[in-house]
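Asks: Quick one, fold the following:
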Amino acid sequence: MQIDIRPMVLPAHPDEDGPAGDEFRLAHAYNERSNAERYGEGLYVNTPVEFLASLQPNADYRLDRLHAWDGDRLVGIITVYSNLLDSTDVVEAQPELSSELSAAEQHELAEALTERAHELAAAAGRSTVIMSTVGAAEGAVTATSGFGGADPAHPEAAPLVRRGYALEQVYRVSVAELADLPDLDARLVAAAAGAPAYELVRWIGGTPAEHRPAMRTLYERMSTDAPIGNLAWEEEVWDEPRLAEFERTVQAGGRTLLTVAARERSTGELGGFSTLILPLSGATARQHDTLVTKPHRGHGLGMLMKLDNLVRLRELRPELVRVVTWNAEENRPMLAVNEASGFAPVAYEAQWQWKAER
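Replies: This next block holds a predicted model:
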């Protein structure tokens, strides 16, 4: 196999004629196949408009997308993210290998794509690479977090093992089918009764002005309170431009951000929040962030907010019949909330980390 790895050139719009448009449409089809193989059919679907929007330049991070070609066949992709505001010594990457390749070809390609990610990191002066690959509930290698594992012989993981990466964390991908939750309303009533000191505030799209300072604080807490294991992520600082850019980015391409927050009645303080991203089409919404800050834990707020969002989803977009979410396997409290809310595991993702010797 003759591998040619080169940067993707973005078209101005999905229907653009010429080489950039042709490559984009090949990449979109490839991405849809890859997501179906990784997570299950229909669980992570993007329209061409959404897909192109997700690849656009962003004020928060740089995105490099490299395509691997064997002649005129697109056989692999690696997407490399470089944060611009914090964790500026880190690059994060995810390979996608064609299932049409033989095992030997996949190993060869994964090695080449990993090398290119390291070249990008070195060129940017970054000494830490975090790579996402297929993971498992258990594996021959156990994450340093103590939860989840991976197969070190898997084509995506093998070049990382050879380079001395450590498996730091495993994410569980879970799905809730709303049809399997006929008692959703009763569950929500019970959860609300268990948290009488709190009320829910809700919005669609950008955060209302009166809640923006509190939400900036909650997003900062998300970067410190959510489990990250030994991954080299720094505490984030959220100012108004960062919140505005985040809301613009996640809603690009026609998507909608659905938010619920729990407000303490006596103080007016927001003790937590949960968000869903509603796609332009398809049948699956995406759970984004859920956080209950430490002073407000112990009242069932995580369950309450997740159930409230599921009820709102059913009312606002009844064609979205399921929700998919990602959680660190060691985040047992949140996984317990998910399981009690009807989520079941469908896949796992491993987070590997390499640090240059100093």
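Asks: Helices along the protein, start to end?
Replies: Here the chain has its helices, by DSSP state H, at 19-39, 48-54, 103-123, 158-163, 184-193, 212-225, 240-250, 301-316, 332-340.
Asks: Residue 167 reaches residue 352, doesn't it?
Replies: Yes. The pair residue 167 / residue 352 is scored as a contact, 5.4 Å apart, by C-beta atoms under 8 Å. Every C-beta, even on glycine, is put in place using the N, C-alpha and C of the backbone.
Asks: closest to residue 206 out of the helices of the chain?
Replies: helix 240-250 (4.9 Å; C-beta to C-beta).
Asks: what separates the residue of the chain most remote from its centre from residue 260, distance-wise?
Replies: Within the chain, residue 266 marks the point farthest from the mean C-alpha position, 34.4 Å out by C-alpha atoms, centre = their mean. Here residue 266 is placed at a distance of 20 Å from residue 260 (C-beta to C-beta, to the nearest Å).
Asks: again with residue 186
Replies: Distance from residue 186 to residue 260, by C-beta to C-beta: 18 Å.
Asks: the more surrounded of the two?
Replies: A side-by-side neighbour count of residue 186 and residue 260, using other C-beta atoms under 10 Å, places residue 260 first with 22 against 11.
Asks: residue contacts, the more buried one?
Replies: 200-202, 273-275, 305, 308-309, 312 (C-beta atoms under 8 Å, 6 or more residues apart in numbering).
Asks: Out of the helices and strands in the chain, which is least certain?
Replies: When the helices and strands of the chain are compared on mean pLDDT, DSSP states H and E, helix 332-340 comes out lowest with a mean of 91.
Asks: wouldn't residue 258 be in contact with residue 279 here?
Replies: No. Between residue 258 and residue 279 there is no contact, the gap being 11.5 Å when judged by C-beta under 8 Å.
Asks: who touches both of the two?
Replies: Common neighbours of residue 258 and residue 279 (C-beta under 8 Å, 6+ apart) are residue 285.
Asks: of the contacts of residue 260, buried ones?
Replies: 200-201, 273-275, 305, 308-309, 312 (16 or more other C-beta atoms under 10 Å).
Asks: Looking at those residues, spot the one nearest residue 35.
Replies: Using C-beta to C-beta, those come closest to residue 35 at residue 275, 20.6 Å.
Asks: Name the nearest residue to that closest one, ignoring sequence neighbours.
Replies: Spatial nearest neighbour of residue 275, excluding adjacent residues (C-beta to C-beta, 6 or more residues apart in numbering): residue 288 at 4.2 Å.
Asks: How many residues are close by the one you found?
Replies: Neighbours of residue 288 (other C-beta under 10 Å): 16.
Asks: Contact partners for it?
Replies: 250, 257, 275-277.
Asks: out of these, what pair is the most spread apart?
Replies: 250 and 276 (10.4 Å).
Asks: Show me which of the two is the more surrounded one.
Replies: residue 276 (25 against 17).
Asks: so what's the more buried one bridging to?
Replies: residue 258, residue 287 (DSSP bridges).
Asks: Roughly how far does it sit from residue 190?
Replies: 21 Å.
Asks: now the nearest residue to residue 216 once chain neighbours are set aside: how far from residue 223?
Replies: The shortest distance from residue 216 to any non-neighbouring residue, by C-beta to C-beta, 6+ apart, is to residue 238 (4.1 Å). Residue 238 sits 9 Å away from residue 223, taking C-beta to C-beta as the criterion.
Asks: repeat for residue 262
Replies: Look at residue 262 and residue 223: by C-beta to C-beta, they are 19 Å apart.
Asks: Those two - which one has more neighbours?
Replies: residue 262 (26 against 17).
Asks: Now for that one: which residues touch it?
Replies: Per C-beta under 8 Å, 6+ apart, neighbours of residue 262: 195, 198-200, 270-273, 292, 296, 301, 304-305.
Asks: can you tell me which of these are in strands?
Replies: Among those, DSSP state E puts 198-200, 270-273, 292 in strands.
Asks: For the nearest residue to residue 112 once chain neighbours are set aside, give its distance to residue 68.
Replies: Excluding the flanking residues, the one nearest residue 112 by C-beta to C-beta, 6+ apart is residue 3, at 5.3 Å. Separation of residue 3 from residue 68 (C-beta to C-beta): 6 Å.
Asks: between those two, which one's more packed in?
Replies: Set side by side, residue 3 and residue 68 show more neighbours around residue 68, with 24 against 15, by other C-beta under 10 Å.
Asks: Report the spatially nearest residue to that one, omitting neighbours in sequence.
Replies: Nearest non-adjacent residue to residue 68 (C-beta to C-beta, 6+ apart): residue 76, at 3.6 Å.
Asks: tell me the contacts of that neighbour?
Replies: Applying C-beta under 8 Å, 6+ apart, the residues contacting residue 76 are 3, 5, 67-68, 95-98, 101, 109-110, 113.
Asks: One more pass at 7 Å, please.
Replies: Listed by C-beta atoms under 7 Å, 6 or more residues apart in numbering, the contact set of residue 76 reads 68, 95-98, 109, 113.
Asks: thinking again about what came up before, give the PyMOL command for selecting the buried subset of the ones in strands among the contacts of residue 262.
Replies: To isolate the buried members of those in PyMOL, using 16+ other C-beta under 10 Å:
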select buried, resi 198+200+270+271+272+273+292
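Asks: Now tabulate the ones in strands among the contacts of residue 262 in CSV and tack on distance to residue 213 and pLDDT.
Replies: Output for the ones in strands among the contacts of residue 262, formatted as CSV (distance: C-beta to C-beta, whole Å; pLDDT from 0 to 100):
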residue, distance to residue 213, pLDDT
198, 19, 98
199, 19, 98
200, 19, 98
270, 10, 98
271, 15, 97
272, 16, 97
273, 13, 98
292, 19, 96
